[in-house]
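>>> I would like the atomic coordinates for the input below:
(one chain, ligands or ions: 2)
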Amino acid sequence: MTTVCVIGLVGLVTSIYFLYLKVKSIFYKIPPHPKLEDTWWGPRDQSKEDSSIKPFKINISDEVLKDLQFRLENALPFQPPLEGVKHNYGINTNLLNNIVDFWRTKYNWREREKFFNQYPQFTVSVQGLNIHYLHVKPTETKDLKVLPLLLLHGWPGSVREFYEIIPLLTTPQKGRNFVFEVIVPSLPGYGFSEAAVRPGLGPLQIAILFKNFMERLDYSKYYIQGGDWGGALVKIIATLFPEKIIGVHSNMCDVRTPLSYVKLFLGSFFPFLIVSKEHRHRMYPLGHRFSFLMLESGYMHIQATKPDTIVGLAAYIIEKFITWTNPEWKDLDDGGLTKKYTFTNLLDNVMIYWVTRSITTSMRIYSEAFGKNQSGGVIERYNI
Ligand SMILES: *[C@@H]1O[C@H](CO)[C@@H](O)[C@H](O)[C@H]1NC(C)=O
Ligand SMILES: *[C@@H]1O[C@H](CO)[C@@H](O)[C@H](O)[C@H]1NC(C)=O
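Ligands and ions are numbered 1, 2, ... in the order given. Model (predicted):
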């Protein structure tokens with residue numbers, strides 16, 4: 001009896017809400033654009049800024065590498081993990097020992113530097129920040145359309161994650177009359193891109209910065225792709241500057257309108273209304289989703305509130321590659337890491353954060369994203 005009442009009540013509330021939305025949509029006005037300011041984020045004087053495009057090569061000094069080698073050789077031993085816990089208490093220190101051994105004895109930065117430098121790289125100052133980017137043009141373009149494509153990474157990623165896919169995009173593929181020309185920047189505060197020196201550079205402002213960046217590179221229309229923060233950025237860029245964007249690809253889409261929450265809730269009673277059978281297990285039961293989020297989103301709370309406090313680089317980053325690639329891998333001894341990655345590839349990414357000392361600045365995007373001067377729901381309202 002109670003169940004029937006609850007379902008009835010849920011049905012009633014939902015119907016009223018849908019009715020409200022319908023009425024609202026009739027009188028709905030597109031909200032005004034948020035304030036889009038070309039804020040100066042950099043440390044230098046705006047009037048003296050050199051805004052030319054400069055070729056760039058990664059070339060880390062011997063001192064930085066010697067210092068790292070010393071640290072790896074003199075690291076304090078880790079506490080052994082509890083028996084049988086695999087990666088359920090964070091990264092397992094047996095695995096971490098293997099990774100650190102590999103880093104100390106086999107990982108060869110000078111060789112990796114050559115690998116990193118295989119693609120042309122540049123820097124250009126946008127709104128006072130030197131932005132580092134790869135710019136790879138197709139070698140063969142005969143009878144082919146060349147499509148500019150901006151690729152945006154997230155946290156704890158870097159331009160490294162695109163190295164394998166770049167040749168697939170920039171070389172002609174059978175049955176396709178186009179190739180891509182790819183532009184792959186490091187987000188501000190990440191890797192070889194400069195970080196803001198004043199507060200406020202959240203996703204909305206980074207979206208503006210990359211719109212200006214593409215303008216500076218002389219692209220008036222282009223494709224965009226992003227995941228993680230890159231996914232948030234492509235959503236904002238496409239919403240605010242649709243005239244510039246030919247197409248969007250996101251590997252982290254989210255919808256956070258009031259209606260989406262109602263649908264999510266409704267779906268826990270009637271999942272068939274909301275999502276096809278094959279994908280149902282990804283959303284429901286909601287209890288599982290929420291406990292997963294509680295378990296795996298602690299980092300977000302820390303980074304959103306105390307981004308300048310966190311240390312312990314390799315463990316902190318590589319742990320994410322276990323649970324974010326497949327939550328079940330935390331029950332494997334080796335964290336499943338070598339199913340998809342090599343220690344070299346994982347350490348490449350860690351090294352970008354290490355040699356540029358950018359972990360702290362990379363995490364500030366979380367606190368800025370929850371701060372003032374963000375879209376305040378405006379982006380979502382455009383998408384209704
Ligand atoms: C890296 O910099 C050093 C010292 O500044 C220089 O001697 C060396 O040739 C550079 N290497 C490359 C690959 O540019
Ligand atoms: C928000 O934007 C206003 C106007 O540009 C600026 O004065 C203020 O400092 C910004 N606040 C934050 C927290 O970034």
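>>> Can you report how many residues lie near the residue in the stretch 151-300 of the chain that ligand 2 sits nearest to?
Among the residues of the stretch 151-300 of the chain, G200 lies closest to ligand 2, at 2.8 Å counting by CB to the nearest ligand atom. Using the backbone N, CA and C atoms, a C-beta is placed for each residue, glycine as well. Residues within reach of G200, counting by other CB atoms under 10 Å, total 15.
>>> How is it assigned, secondary-structure-wise?
coil (DSSP: H, G, I helix; E, B strand; the rest coil).
>>> List phi and psi for it.
With angles defined as degrees, to the nearest 10, G200 sits at phi 120, psi 0.
>>> Next, count neighbours for the residue nearest to it when sequence neighbours are not counted.
Nearest-residue entry for G200: N373, 5.7 Å, with adjacent residues in sequence omitted and distances by CB to CB, 6 or more residues apart in numbering. Neighbour count for N373, taken as other CB under 10 Å: 16.
>>> What score does the residue of the stretch 151-300 of the chain closest to ligand 2 have for pLDDT?
If you check G200, the pLDDT there is 94.
>>> Might one say that it is in contact with T39?
Yes - assessed by CB atoms under 8 Å, G200 is found in contact with T39 at 6.8 Å.
>>> Now do the SS call for the residue nearest the centre of the chain.
The centroid of the chain falls nearest to G154 when counting by CA atoms, centre = their mean (1.7 Å). Here G154 is recorded as coil under three-state DSSP.
>>> contacting residues for the residue nearest to G200?
N373 makes contact with K35, G200, G202, L204, Q205, according to CB atoms under 8 Å, 6 or more residues apart in numbering.
>>> For these, I'd like a selection string for ChimeraX - just the buried members, please.
Entered in ChimeraX, the line below selects the buried ones among the contacts of N373, by 16 or more other CB atoms under 10 Å:
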select :202,204,205
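>>> For the nearest residue to K244 once chain neighbours are set aside, what are phi and psi?
The shortest distance from K244 to any non-neighbouring residue, by CB to CB, 6+ apart, is to K221 (5.9 Å). Main-chain torsions, K221, degrees, to the nearest 10: phi -140, psi 140.
>>> Need the per-residue pLDDT for K221.
At K221, pLDDT is 98.
>>> From what I see, it and G247 are in contact.
No - if you go by CB under 8 Å, K221 and G247 don't touch, sitting 9.9 Å apart.
>>> Quick one: the helices in the stretch 151-300 of the chain, in order.
166-170, 203-216, 229-240, 258-269, 280-283, 286-296, 298-305 (DSSP state H, counting those that start in this stretch).
>>> Just send those back as a markdown table, with mean pLDDT too.
Formatted as a markdown table, those follow (pLDDT from 0 to 100):
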| stretch | mean pLDDT |
| --- | --- |
| helix 166-170 | 97 |
| helix 203-216 | 97 |
| helix 229-240 | 95 |
| helix 258-269 | 86 |
| helix 280-283 | 86 |
| helix 286-296 | 82 |
| helix 298-305 | 79 |
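>>> Would you mind listing what in the stretch 1-150 of the chain touches ligand 2?
E37 (CB under 6 Å from any ligand atom).
>>> mind listing the strands for the stretch 1-150 of the chain?
Secondary structure of the stretch 1-150 of the chain (DSSP state E, counting those that start in this stretch): strands located at 54-56, 121-126, 129-136, 145-152.
>>> Compare those strands and give me the one nearest N212.
strand 121-126 (5.3 Å; CB to CB).
>>> for the record, mean pLDDT for the closest one?
On average, strand 121-126 scores 98.
>>> quick one on the thing from earlier: tell me how far the residue nearest to G200 lies from ligand 2.
4 Å (CB to the nearest ligand atom, to the nearest Å).
>>> any weak-confidence spans in this protein?
1-6, 21-31, 306, 308-311, 375-378, 381-384 (pLDDT under 70).
>>> try 80
1-35, 256-258, 295, 302-312, 371-373, 375-384 (pLDDT under 80).
>>> quick one on the thing from earlier: just checking, the residue nearest to the centre of the chain touches S250?
No - applying CB under 8 Å, one finds G154 not in contact with S250, separated by 11.0 Å.
>>> Between the two, which contacts overlap?
What both G154 and S250 touch, as defined by CB under 8 Å, 6+ apart, is the set G226, G227, G231.
>>> Against Q225, how distant is the last one?
If I follow you right, that is G231. 9 Å (CB to CB, to the nearest Å).
>>> which residues do these two both contact?
If you check G231 and Q225 against CB under 8 Å, 6+ apart, the residues they both contact are S250, N251.
>>> more neighbours, those two?
Ranked by neighbour count (other CB under 10 Å), G231 and Q225 place Q225 first, with 22 against 19.
>>> That one bridge partners, please.
On the basis of DSSP bridges, Q225 is bridged to L151, H249.
>>> how near is it to S186?
Q225 is 15 Å from S186, by CB to CB.
>>> Single out the residue in the stretch 1-150 of the chain that lies closest to ligand 2.
Closest point on the stretch 1-150 of the chain to ligand 2, by CB to the nearest ligand atom, is E37, at 5.3 Å.
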